[in-house]
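>>> I would like the atomic coordinates for the input below:
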Amino acid sequence: MYKRQAIARVPPWLNEGLATFNEELPDPDAALMLQAALKEDRLLPLDSLCGTFPSDAEQVRLAYAQSASLVRFVRDFYGEQALAGLVSAYANGMSCRGAVDRVLGLSLEQLDSRWRAYLGAQTPQAALWRAAAPWLLLVLGSGLMILLYLDLPALLRRRDHQSTDADTSPRLV
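As a prediction, this is how the structure comes out:
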């Protein structure tokens, strides 16, 4: 009985966010829905996700997508221990605002604002570049090293050849 009561204290954004985040087959439209809601200024405020989710079907989908994205944000920036700390703080009776403040050192509004900024930086193109950048740098760096290694002797011979040509070329007086 205690576990059920403790879980009931976890606010919907974290409870459903963890469930949605850990789904085997996540909603493929969630990222697009979040981007559209951000662009159109239709994101639900985080404090509204501390209570019951909306009754409108489209708003419910958005609430689930936002919750999963918030969980991902907290995990990526504050670590899995922060998620565990939030669950524990809520299970021990802390309020939605109080647990965020205690565990993350942020107000609920600050968390919401930082998450929105993170979400705004998550355009599909930006996300692709961020994911590909380390690999591109590795490939480019490796390619440059290979070219230098393969062409270095030729470059040195060419330089030596040019310097000897310059020393032996006739001079006009």
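>>> What are the boundaries of the helices in this structure?
Applying DSSP state H to the chain gives helices spanning 2-9, 12-21, 30-39, 57-78, 80-91, 96-104, 108-120, 124-168.
>>> and the third one, what does it pack onto?
Under the contact definition 3 or more C-beta pairs under 8 Å, 6 or more residues apart in numbering; DSSP states H and E, helix 30-39 sits against helix 57-78, helix 108-120. To be clear about C-beta, it is placed using only N, CA and C from the backbone, and glycine gets the same treatment.
>>> Please point out which parts of that helix sit buried.
A30, A31, M33, L34, A37, L38 (16 or more other C-beta atoms under 10 Å).
>>> separation between the closest residue to the fifth one other than its chain neighbours and V87?
In this structure, A37 finds its nearest non-sequential neighbour in L43, 4.9 Å apart by C-beta to C-beta, 6 or more residues apart in numbering. From L43 across to V87, the span is 23 Å (C-beta to C-beta, to the nearest Å).
>>> cool, A63 as well?
Using C-beta to C-beta, A63 is found at 19 Å from V87.
>>> Looking at those two, which is more packed in?
Shown here are A63 and V87; by other C-beta atoms under 10 Å, A63 has more neighbours (22 against 19).
>>> Surely the more buried one and D56 touch.
No. The pair A63 / D56 is not scored as a contact, 9.6 Å apart, by C-beta atoms under 8 Å.
>>> for this structure, what are the low-confidence residue spans?
1-8, 121-136, 143-144, 147-152, 155, 159-173 (pLDDT under 70).
>>> again, only using 50
Where the chain drops to pLDDT under 50, the residues are 1-2, 127.
>>> Counting neighbours, what do you get for L140?
Count around L140 with other C-beta under 10 Å applied: 10.
>>> Distance of it relative to I146?
Taking C-beta to C-beta as the measure, L140 falls 11 Å from I146.
>>> Likewise for P26?
Using C-beta to C-beta, we find P26 at a distance of 39 Å from I146.
>>> Kindly report the same for L137.
15 Å.
>>> just E23 next, same as before
For E23, the distance to I146 - C-beta to C-beta - is 43 Å.
>>> Also L25?
41 Å.
>>> In terms of neighbours, single out the busier of these two.
Per other C-beta under 10 Å, whichever of L25 and I146 has more neighbours is I146, with 10 against 5.
>>> Neighbours of R97, how many?
16.
>>> Hmm, I typed the wrong one, I wanted G17.
As a burial measure, G17 scores 27 neighbours (other C-beta under 10 Å).
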